[in-house]
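J.: take a look and give me a structure for this.
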Amino acid sequence: MAKYVLRRLLLMVPTLLGVTFVCFLVINLAPGSPFEQKLAAMKMLSVSSGGAQMPPAQIEELKKQYGFDQPIHIRYLIWLKNIATLNFGNSFKYEEPVIDVLLEKLPVSLQFGIASVILIYLISIPLGIRKAVLEGSSFDVSTSVMLTLLYSVPPLIMAILLRSYLAGGNFFSLFPVSELYSDNYRELTLMGKIGDRFMHFVLPLTCYVVNGFTVLTLLMKNSLLDEVKLDYVRTARAKGLDERNVIYKHALRNALIPILTGLGSFLTLFFGGSIIIEQVFNLDGMGLLSINAIFARDYNVIMALIFIQAVLSMIGRLISDLTYVVVDPRINFE
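T.: Residues are numbered from 1 along each chain as shown. Alright, predicted model coming up:
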């Protein structure tokens, strides 16, 4: 197993180089770079004030300031050298080190990411098992209809509906409209702060969880149904084992293997899928940072996000593979 892990870690290096180089090339060749935006603003300011055109020396100095005075392949090599020390450069939009910007936004998305993964698995696995055990019953049919309806609602529509009906004041004002806490948060007692954070978490967290647990529940049900039809389950029943032992001690372990394929995705959950939710509920996290960086052509922030997400995605896949061995020791990657 140690050799497999080492081999996977070594294979991550060329994969990471390929991903970052392609993204770096596309981003830097796209029009509207920070240098071009700054140059256009300075030219407009110079013309409006009646001044002369900018001298070439000033333009070259501006290029050097933004790091556009070198060929693109040299800039990429410089970028690789810098990220070895987690130096992602400065944000053009926020005018501070990128790593500081990321550390400021990360806790917001991380809280929702961790909480949503825990809730998704806590809901989907027991519910999927229950649906498989009661296949064809009124409980199975009614929950399947409910899951289908929930899955068919896009996250944007779900967020807007929840905010309009439960927090907008048009119907009910049960929850706060946006952000992570109220204006008087610091003045509250400990229990008041916990309650305030909980109320702010409910609607965004619901949007995170709904689409995830609907798919996973049906996957859990179908996986378990496939397992109970196999010969080793029939043999266990023929030996006189009660149905509870057959399901939970024999079939369930193997049925969990497909579920574990998405376990490693919790590392990237706070990046993907959070843009819409953070915009609707005004949460200043990684999703909102991503879209703002793209609109502002903040190259250093964009590349930092791509690099971190690529690393976390590959580590997540490795974690998923390793969990296979924990669930089923017969699996051997050597």
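J.: list the helices and strands the helix or strand hosting Arg7 packs on?
T.: Element membership for Arg7, per DSSP states H and E: helix 2-29. If contacts are counted by 3 or more Cβ pairs under 8 Å, 6 or more residues apart in numbering; DSSP states H and E, helix 2-29 sits against helix 72-83, helix 299-327. The way it works is simple: take the backbone N, C-alpha and C, and place the C-beta from them, glycine included.
J.: weakest of those in terms of mean pLDDT?
T.: Among those, helix 299-327 has the lowest mean pLDDT, at a mean of 83.
J.: and the angle from it to helix 2-29?
T.: Here helix 299-327 points in a direction 160 degrees away from that of helix 2-29 (axes from the mean of the first three to the mean of the last three Cα atoms, to 10 degrees).
J.: roughly how far is helix 299-327 from the heart of the chain?
T.: Remark: helix 299-327 is offset 11 Å from the chain centroid, using Cα atoms, centre = their mean, to the nearest Å.
J.: next one: stretch 188-203
T.: Worked out by Cα atoms, centre = their mean, stretch 188-203 lies 24 Å from the chain centre.
J.: in the helix holding Arg7, what counts as buried?
T.: For helix 2-29, the neighbour count (16 or more other Cβ atoms under 10 Å) marks 8, 12, 16, 19-20, 23-24, 28 as buried.
J.: among the helices and strands packed on helix 2-29, which is the most enclosed?
T.: helix 299-327 (a mean of 19; mean count of other Cβ atoms under 10 Å).
J.: tell me what it is packed against?
T.: By 3+ Cβ pairs under 8 Å, 6+ apart, helix 299-327 packs against helix 2-29, helix 98-133, helix 252-259, helix 286-295.
J.: buried stuff in the third one?
T.: Which is helix 252-259. 252, 254-256, 259.
J.: quick one on the thing from earlier: relative to helix 72-83, how tilted is the helix holding Arg7?
T.: Using the same axes, to 10 degrees: helix 2-29 against helix 72-83 is 130 degrees.
J.: now the angle from helix 2-29 to helix 286-295?
T.: Using the same axes, to 10 degrees: helix 2-29 against helix 286-295 is 40 degrees.
J.: show me the shaky parts of the stretch 1-150 of the chain.
T.: 32-33, 35, 37-55, 58-59, 65-66 (pLDDT under 70).
J.: show the contacting residues for Ser178.
T.: Contacts were defined as Cβ atoms under 8 Å, 6 or more residues apart in numbering; by that measure Ser178 touches 281-283.
J.: mind checking which of the residues you listed land in strands?
T.: Per DSSP state E, strands hold no members of the contacts of Ser178.
J.: ok, those residues vs Leu149, which is closest?
T.: Distance to Leu149, by Cβ to Cβ, is smallest for Phe281 among those, at 22.3 Å.
J.: can you report how many residues lie near that closest one?
T.: 25 (other Cβ atoms under 10 Å).
J.: quick one: it and Pro204 touch, right?
T.: Yes - the criterion here is Cβ atoms under 8 Å, and Phe281 meets it with Pro204 at 4.8 Å.
J.: hey, what's in contact with both of those two?
T.: Residues touching both Phe281 and Pro204 (Cβ under 8 Å, 6+ apart): Ala159.
J.: follow-up on the earlier one: mind putting the helices and strands packed on helix 299-327 in a markdown table, distance to Asn90 included?
T.: As requested, the helices and strands packed on helix 299-327 are exported to a markdown table (distance: least, Cβ to Cβ, whole Å):
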| stretch | distance to Asn90 |
| --- | --- |
| helix 2-29 | 16 |
| helix 98-133 | 7 |
| helix 252-259 | 42 |
| helix 286-295 | 13 |
